[in-house]
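Kindly return the folded structure for what I paste below:
(one chain, ligands or ions: 2)
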Amino acid sequence: MERKGILENKKRIVIKVGTTTITHEETGNINLEKLEKFVRILTNLQNKGREVIVVSSGAVGIGRNVLGLEQKPGTIAAKQACAAVGQGRLMMTYEKLFNEYGQLTAQVLLTRESVTNDECRKKARQTFDELIRMKVIPIVNENDAISADEMLYGNFGDNDTLAAYVAELVNADLLILMSDIEGLYTDDPRQNPNARFIHTVAGIDGQLEKMAKGAFGDMGTGGMTTKIAAAKIAIASGVDMVIANGKNIYSINDIMAGKKIGTLFLSAGQETMKTSIQTIGGCHGQLYGNVR
Ligand SMILES: Nc1ncnc2c1ncn2[C@@H]1O[C@H](COP(=O)(O)OP(=O)(O)O)[C@@H](O)[C@H]1O
Ligand SMILES: N[C@@H](CCC(=O)OP(=O)(O)O)C(=O)O
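Numbers count the residues shown, from 1 in each chain. Ligands and ions are numbered 1, 2, ... in the order given. From the prediction side, this is the model:
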């Protein structure tokens with residue numbers, strides 16, 4: 001089943017890339033070839049008249065690498081210092097690559113308050129609107145160097161939910177999360193070889209949430225848990241969401257062309273689509289698995 005008519009007309013798109021997508025697995029260095037392709041794809045989407053907002057992870061991992069630390073930073077202060085170093089390097093690299101195509105970019109660093117406090121939300125929305133109007137591509141990350149979220153939430157922030165909040169804030173039409181895996185399975189396939197792939201999700205319930213486990217590798221942070229949390233925020237605000245594998249960065253183009261890539265989470269407004277999807281071996285209720 002193609003996704004014709006659902007994704008091709010999306011204008012405002014938030015695309016999130018995880019650390020694993022933009023760095024080399026073996027060394028943790030920036031994957032320049034991948035980043036170059038990513039930047040070219042984004043500029044081209046912008047040239048076609050789409051409005052692109054990037055949420056990019058990588059500050060902590062790249063900072064750790066730049067500083068030559070062999071182990072993951074053990075303390076919050078060390079993580080925050082890594083993030084402060086890495087964010088500069090990350091942004092410098094994006095700027096350099098986008099500059100090749102004359103595409104302007106802007107760094108937007110947010111804290112949780114930026115999206116939960118009404119006054120901050122208003123200001124942030126105005127800034128995004130203005131940047132988009134100016135045809136600048138905002139590159140968003142959490143302001144890790146000063147963020148205190150880990151004290152509240154028990155982790156060092158997570159860009160999956162941040163991306164969903166941004167998508168909601170800017171009234172995006174589509175949120176794409178580029179991960180190190182092709183989408184949602186019925187269980188973590190790295191742990192369970194019998195896990196089955198889910199193409200389309202039309203409603204999130206407790207059973208689906210239980211399928212999503214944490215991160216398996218050394219570089220990722222949230223795993224599928226934070227992606228489902230992101231999907232809940234996105235679909236509740238009318239934003240469709242796709243999780244796809246960042247290994248093939250060109251899949252962004254395929255997603256935009258309506259090809260059946262990754263897992264599509266249909267937003268609350270997609271009632272017609274939901275009824276037209278056939279459940280083949282569906283896992284449960286509103287969850288549509290293995291739809292062809
Ligand atoms: N149900 C599931 N389906 C797919 N992947 C899962 C699931 N549960 C846990 N995972 C894990 O989530 C990982 C992706 O998240 P993460 O490590 O944070 O990477 P990234 O930041 O690149 O998205 C996968 O590599 C996988 O090991
Ligand atoms: N804000 C942090 C990333 C947090 C995060 O969610 O990372 P990831 O799981 O790689 O998307 C950073 O830039 O390192």
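
Between its first and last residues, how far does stretch 228-243 reach?
Stretch 228-243 has an end-to-end distance of 10 Å (criterion: Cα to Cα, to the nearest Å).

Give me the buried positions along that stretch.
Within stretch 228-243, the residues that qualify as buried are 228-235, 237, 239-243, counting by 16 or more other Cβ atoms under 10 Å. Any C-beta I mention is one placed from the backbone N, CA and C, and that applies to glycine too.

for stretch 28-48, same thing?
For stretch 28-48, by 16+ other Cβ under 10 Å, it's 28, 30-31, 34-35, 37-43, 45-46.

okay, among the buried residues of stretch 228-243, which ones form the most distant pair?
Pairwise distances across those (Cβ to Cβ) peak at 17.2 Å, for the pair 237 and 243.

Mark which of the buried residues of stretch 228-243 are part of helices, please.
When those are checked against helices (DSSP state H), the matches are 228-235.

Kindly reformat those residues as JSON lines containing distance to residue 174.
JSON lines is the format used below for those (distance: Cβ to Cβ, whole Å):
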{"residue": "228", "distance to residue 174": "17"}
{"residue": "229", "distance to residue 174": "18"}
{"residue": "230", "distance to residue 174": "13"}
{"residue": "231", "distance to residue 174": "12"}
{"residue": "232", "distance to residue 174": "16"}
{"residue": "233", "distance to residue 174": "14"}
{"residue": "234", "distance to residue 174": "9"}
{"residue": "235", "distance to residue 174": "12"}
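
which one among those gets closest to ligand 2?
residue 230 (10.1 Å; Cβ to the nearest ligand atom).

Spell out which parts of the stretch 151-292 of the chain neighbour ligand 1.
When proximity is defined as Cβ under 6 Å from any ligand atom, the stretch 151-292 of the chain approaches ligand 1 at 179-181, 184-185, 187-190, 211-213, 215-217, 220-224.

If we ignore the residues flanking it in sequence, what's nearest whichever residue of the stretch 1-150 of the chain sits closest to ligand 1?
Here the stretch 1-150 of the chain gets closest to ligand 1 at one residue, residue 18, 2.7 Å apart by Cβ to the nearest ligand atom. Closest residue to residue 18 apart from its sequence neighbours, by Cβ to Cβ, 6 or more residues apart in numbering: residue 57 at 5.2 Å.

Tell me how many other residues surround the one you found.
Residue 57 has 31 neighbouring residues, counting by other Cβ atoms under 10 Å.

What of residue 70?
Residue 70, neighbours per other Cβ under 10 Å, totals 6.

which SS class is it?
For residue 70, the secondary-structure state derived from DSSP: H, G, I helix; E, B strand; the rest coil is coil.

For residue 18, see how far away it is.
According to Cβ to Cβ, to the nearest Å, residue 70 and residue 18 sit 21 Å apart.

Then residue 85?
To residue 18, residue 85 is 19 Å away according to Cβ to Cβ.

I'd guessed residue 108 sits against residue 126; true?
No. Using Cβ atoms under 8 Å, residue 108 makes no contact with residue 126, being 12.0 Å away.

So which of the two has more stuff around it?
More crowded of residue 108 and residue 126, by other Cβ under 10 Å: residue 108, with 19 against 10.

If the more buried one is in a bridge, with which residues?
Residues in a beta bridge with residue 108, per DSSP bridges, are residue 140.

which residues does it contact?
Residues near residue 108 by Cβ atoms under 8 Å, 6 or more residues apart in numbering: 124, 127-128, 131, 138-141.

now the residues you listed: which count as buried?
124, 128, 131, 138-141.

Can you tell me how far the closest residue to residue 97 other than its chain neighbours is from ligand 2?
Excluding the flanking residues, the one nearest residue 97 by Cβ to Cβ, 6+ apart is residue 39, at 4.2 Å. As judged by Cβ to the nearest ligand atom, to the nearest Å, residue 39 and ligand 2 stand 17 Å apart.
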